[in-house]
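> what follows is a predicted structure for the sequence shown.
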Amino acid sequence: MSPSFTQRILWWFPAFIVAAFVLYWPTLSFTPFSDDHSALWNSGVRDIPWRTGFFRPLSDLSFRIGYQFGGTAVETHRSFNVLLHGVNAILLFVLCRQWSFARGAFFGATLFLVYPFHQESIVWLVGRESALGASAVLLGLIIAGSGLPSFLRLLLMSMILLLGSLCYESALLLLPLALLVTWSGLMPHWPRARKIALVLGSMTVIHFMLRSTGMALGDGGYLHDLFPKDPSAFLQRIPKTLARLFMPPEPDTSAQLIHGAVLLFALVMLVVLMRRAKEVIAVHSRIVLWTLLILLSCSIAVIAGVSTVTSESDRYLYLPSAFLCGMVGLLLSRMQRPVLRWGAFMILGIVSLWQTSINHANWRAASATTESCIASLPMIPEDGQLWVNELPSDHHGAFIFRNGFPEALDLHGKAGKRIIVVPSGVTLQEVLGNGLLFRGTHRTWGRSDQWYRWNGSGYTAEIPQ
């Protein structure tokens with residue numbers, strides 16, 4: 001990279017970081033959500049290497065490091081997420097510049113910064129895992145096209161893939177994505193496909209060897225549980241995933257179908273217009289490449305499934321959204337008239353900020369409910385257990401207490417070990433007769449135990465008959 005290019009990148013770096021904090025400043029004081037409490041309590045306070053059921057040790061280590069700097073203060077840990085999002089925006093900016101459309105780099109990276117449908121990766125503390133995985137992929141692609149010696153590029157890419165995969169499994173997509181770029185022939189001086197396959201493939205094997213060891217230590221088969229039992233489910237998830245890249249979630253199925261039809265019509269018309277535009281024809285092969293990158297990076301979302309009803313699971317869209325915004329930046333850069341170019345950019349930005357504010361409102365409501373669930377909890381009996389039923393799981397996809405309620409109480413100085421969270425639909429009479437399996441241990445009703453049900457605004461006591 002030339003000195004002038006490096007200087008421009010260094011100037012943009014703080015600009016994107018500041019923009020990320022301005023955009024997500026209202027969320028910094030939101031409470032932890034769901035699994036966040038477990039990560040803060042176990043990885044932070046208790047210094048447990050990783051959470052049970054996962055093998056993402058470097059992500060869990062980040063909570064331990066954050067604890068050393070700011071304890072359990074949520075502002076410290078969420079600031080890391082926002083900082084990481086800003087870094088990913090600059091990585092996308094560098095990648096777009098490297099792939100020969102300098103004017104569109106600003107558009108693509110800025111739209112990625114304000115893209116509204118991946119907030120789970122930023123506001124949800126544990127959601128940083130998907131952002132870390134995206135960092136590994138973007139950085140790996142940048143290094144592949146850098147001016148470093150070929151052997152050094154492959155070495156760095158392999159290290160990044162391995163470290164990224166220990167944060168989040170989507171980092172393994174660096175291998176097929178890099179091969180796709182190499183086979184396209186559009187990026188000169190890239191390492192050969194055979195070398196990429198050999199070196200990054202070896203690191204992929206090492207990752208699964210480490211994971212097989214980690215299964216005895218903490219990996220509870222999370223990845224295996226994601227795969228649907230019915231293979232036809234993949235076909236159903238593909239259009240849902242692609243639609244969610246462009247549209248907000250919609251609980252009304254009829255409205256969802258109408259929005260989808262309008263979107264499909266608009267995309268078809270756009271493709272028709274693009275086929276006739278000389279500016280677009282000139283970069284047709286690059287548009288195809290970006291489209292394939294989007295589709296391939298959507299594989300995680302297709303495997304795991306993305307909700308079209310709420311914003312839940314939109315963390316799976318984090319990496320695909322980076323390539324989507326990169327392609328939009330490319331298209332905007334081909335518009336010769338500044339008025340059209342900047343007008344389209346402003347419209348996309350305003351719509352994104354509007355949707356972002358809606359999602360922020362959902363997380364704000366979830367935060368308020370989280371605080372209420374903790375603050376209004378009745379006194380835990382000193383010689384018994386407190387059974388809590390009907391805890392809210394989310395607010396329009398913004399997590400509340402799907403997990404982590406005992407750890408949330410521990411963080412607030414209460415005896416979380418004497419809390420038993422009863423799944424929705426399980427009654428007190430069922431527990432009295434059969435007990436309950438909670439976190440691998442069969443629990444039975446004790447003489448001093450108490451039962452409370454969350455009613456939406458507080459707790460209601462139930463007395464055994």
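Structure's in. What do you need?
> residues in contact with stretch 156-171?
With CB atoms under 8 Å, 6 or more residues apart in numbering as the test, stretch 156-171 has contacts from 55-59, 129-130, 132-137, 139-140, 143-144, 148, 172, 174-175, 178, 196, 199-200, 202-204, 206-207, 210, 223, 297, 300, 319. Placement of C-beta: from N, CA and C, glycine included.
> how close does F55 get to P249?
Noted for F55: a distance of 30 Å to P249, by CB to CB, to the nearest Å.
> comparing those two, which residue is more hemmed in?
Neighbour tally, F55 and P249, criterion other CB atoms under 10 Å: the higher count belongs to F55, 25 against 21.
> middle-most residue in this structure, spatially?
With distances taken as CA atoms, centre = their mean, R315 lies nearest the centre of the chain, 2.6 Å away.
> contacts only, for that residue.
Counting by CB under 8 Å, 6+ apart, R315 has contacts 118, 120-121, 124, 127, 129-130.
> cool, R286 as well?
99, 101, 186, 330.
> please enumerate the helices of the stretch 51-200 of the chain.
Taking DSSP state H, counting those that start in this stretch, the helices of the stretch 51-200 of the chain run over residues 57-70, 74-98, 102-114, 120-123, 128-144, 150-165, 174-184, 193-214.
> out of these, which gets nearest to Q429?
Nearest to Q429 among the helices of the stretch 51-200 of the chain is helix 120-123; the distance by CB to CB comes to 37.0 Å.
> so, low pLDDT: which residues of the protein?
By pLDDT under 70, the low-scoring segments of the chain are 1-10, 49-53, 100, 214-233, 259, 266-282.
> what packs against the top helix by length along it?
Ranked by number of residues, the top helix in the chain under DSSP state H is helix 338-375. Where contact means 3 or more CB pairs under 8 Å, 6 or more residues apart in numbering; DSSP states H and E, helix 338-375 is packed against helix 102-114, helix 318-333, strand 394-395, strand 398-399, helix 405-411.
> hang on, the earlier thing: which among the contacts of R315 gets closest to V421?
Comparing the contacts of R315 against V421 with CB to CB places W124 closest, at 19.3 Å.
> what's the residue lying closest to the closest one once chain neighbours are set aside in contact with, if anything?
Excluding the flanking residues, the one nearest W124 by CB to CB, 6 or more residues apart in numbering is F33, at 5.4 Å. Shown in contact with F33 (CB under 8 Å, 6+ apart): 123-125, 363, 366-367, 370, 398-400.
> look at F33 and give its secondary structure.
Secondary structure assignment for F33 (DSSP: H, G, I helix; E, B strand; the rest coil): coil.
> which phi and psi does it have?
As for F33, its main-chain torsions (degrees, to the nearest 10) stand at phi -130, psi 130.
> circling back to that earlier point, between the helices and strands packed on helix 338-375, which gets nearest to W190?
When these are compared by CB to CB, helix 318-333 sits nearest W190, at 17.2 Å.
> list only buried entries from the contacts of stretch 156-171.
55-59, 129-130, 132-137, 139-140, 143-144, 172, 174-175, 178, 196, 199-200, 203-204, 207, 210, 297, 300, 319 (16 or more other CB atoms under 10 Å).
> kindly reformat the contacts of R315 as TSV and extend each row with distance to R447.
Listed next are these as TSV, based on distance: CB to CB, whole Å:
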residue	distance to R447
H118	49
E120	43
S121	46
W124	39
G127	42
E129	43
S130	46
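> widest-spaced pair of those?
Once CB to CB is applied, the contacts of R315 give H118 and E129 as the farthest pair, at 12.7 Å.
> which parts of the longest helix of the chain are buried?
For helix 338-375, the neighbour count (16+ other CB under 10 Å) marks 341, 345, 348, 352, 355-356, 359-360, 362-364, 366-367, 369-370, 372-374 as buried.
> follow-up on the earlier one: which of the contacts of F33 sit farthest apart?
Largest pairwise distance in the contacts of F33, by CB to CB, is 13.9 Å, between L125 and I400.
> pretty sure Q256 is touching T308, no?
Yes: the pair Q256 / T308 is scored as a contact, 6.2 Å apart, by CB atoms under 8 Å.
> name the residues contacting each of those two.
E250.
> now V421, what's its secondary structure?
Following three-state DSSP, the label given to V421 is strand.
> on the strand side of things, show who it bridges to.
Beta bridges link V421 to V388 when assigned by DSSP bridges.
> for it, which residues are in contact?
Taking CB under 8 Å, 6+ apart, we find V421 in contact with 388, 391, 401, 405-406, 438.
> closest one of those to T241?
When the contacts of V421 are compared for distance to T241 (CB to CB), F401 wins out at 27.1 Å.
> ramachandran coordinates for the closest one?
Main-chain torsions, F401, degrees, to the nearest 10: phi -130, psi 60.
> where's it relative to I65, distance?
Distance of F401 to I65, given as CB to CB: 26 Å.
> which one's more surrounded, those two?
F401 (22 against 12).
> for G260, which of the helices and strands packed on helix 338-375 is the nearest?
helix 318-333 (16.9 Å).
> what is that closest one packed up against?
Other helices and strands packing on helix 318-333, by 3+ CB pairs under 8 Å, 6+ apart, are helix 74-98, helix 102-114, helix 128-144, helix 284-297, helix 338-375.
> mind checking those for the one nearest to L432?
Closest of these to L432 is helix 338-375, at 24.2 Å (criterion: CB to CB).
> what inclination does that closest one have with respect to helix 318-333?
160 degrees (axes from the mean of the first three to the mean of the last three CA atoms, to 10 degrees).
> got the angle for helix 338-375 vs helix 102-114?
Going by the same axes, to 10 degrees, helix 338-375 makes 20 degrees with helix 102-114.
> any chance of the helices and strands packed on helix 318-333 in CSV, plus distance to Q450?
Output for the helices and strands packed on helix 318-333, formatted as CSV (distance: least, CB to CB, whole Å):
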stretch, distance to Q450
helix 74-98, 29
helix 102-114, 47
helix 128-144, 36
helix 284-297, 49
helix 338-375, 16
